[in-house]
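Enquirer: build the 3D model from these lines:
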Amino acid sequence: MKKTESGSHPRLCMPTLRGAGLLALSACLTLVGCQRPTQSLPAAPIFSMPPKVLPITTVAVSEPSAETEPPLFQPFAGSKIIYFQRGSAQLDAQARMILDRQAEWLLLHPAVTATLRGHADLFGGRARQFAIGEMRATAMRSYLVARGVSPDQLSVTSLGKQMPITTVRDEASQRRNRRGETIFSEIKQNNER
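Expert: Numbering: from 1, shown residues only. Okay, the predicted model is just below:
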């Protein structure tokens with residue numbers, strides 16, 4: 001090894017990063033040792049209030065009329081939910097069978113309106129999942145309209161990944177989030193039709 005003009009070793013002449021790092025570390029440790037000890041906070045106050053006694057009132061409940069309560073859907077048509085493959089809005093045979101029963105029921109009850117909700121799994125960006133949810137709800141609507149249901153009875157909405165059934169992020173669990181739901185919203189009055 002060559003020596004410098006002063007005769008010392010070249011590594012000893014230049015300040016090293018290791019030395020600067022050790023100096024910074026010792027300065028930090030010195031500052032940490034000088035900190036004030038933490039002080040405990042006083043206990044939170046406890047308020048006690050006497051319980052408020054509310055008077056008991058009776059409310060008259062009227063029986064729902066046949067014109068404002070939707071007829072029973074479940075016993076006739078079965079499921080309100082269909083499932084989709086990942087990233088798809090294609091209706092499989094099981095989904096078409098469920099939608100056929102829904103179409104029959106809606107044709108028997110033309111005063112009932114329904115909202116078709118499209119849902120998506122948690123495996124994608126928010127905008128993409130909203131788009132997939134809308135495609136799923138639109139596919140359901142198109143199928144029901146093709147079966148004779150009035151387009152005026154149906155509205156479409158996408159919830160994307162906003163209302164998951166499960167938040168477990170494995171394929172088996174997320175399969176349940178890829179769904180379309182039929183929600184019966186109201187009964188139109190006879191004078192509106």
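Enquirer: how about the helix ranked longest in the chain as CSV, C-alpha atoms only?
Expert: Determined from DSSP state H, the single longest helix within the chain is helix 126-146. Provided in CSV are the C-alpha atoms of helix 126-146 (Å, rounded to 0.1, in the frame of the first residue of the first chain):
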residue,chain,number,x,y,z
ARG,A,126,-63.0,0.5,-6.8
ALA,A,127,-63.9,1.9,-10.3
ARG,A,128,-63.4,-1.4,-12.0
GLN,A,129,-65.6,-3.2,-9.4
PHE,A,130,-68.3,-0.6,-9.8
ALA,A,131,-68.3,-1.1,-13.5
ILE,A,132,-68.5,-4.9,-13.1
GLY,A,133,-71.4,-4.5,-10.7
GLU,A,134,-73.2,-2.3,-13.2
MET,A,135,-72.7,-4.8,-16.0
ARG,A,136,-74.1,-7.6,-13.8
ALA,A,137,-77.2,-5.6,-12.8
THR,A,138,-77.7,-4.6,-16.5
ALA,A,139,-77.4,-8.3,-17.6
MET,A,140,-80.1,-9.2,-15.1
ARG,A,141,-82.3,-6.4,-16.3
SER,A,142,-81.8,-7.4,-20.0
TYR,A,143,-82.7,-11.0,-19.2
LEU,A,144,-85.9,-10.1,-17.3
VAL,A,145,-87.0,-7.6,-20.0
ALA,A,146,-86.4,-10.3,-22.6
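Enquirer: now do that helix: everything it contacts.
Expert: Applying C-beta atoms under 8 Å, 6 or more residues apart in numbering, the external contacts of helix 126-146 come out as 82, 84, 87, 89-91, 96, 99, 102-103, 106, 116-122, 124, 151, 154, 156-161, 178-180, 182. (C-beta placed from N, C-alpha, C; glycine too.)
Enquirer: for this structure, name the helix or strand with the lowest mean pLDDT.
Expert: Within the chain, judged by mean pLDDT, DSSP states H and E, the helix or strand with the poorest mean is helix 10-13; its value is a mean of 52.
Enquirer: appreciated, that's everything.
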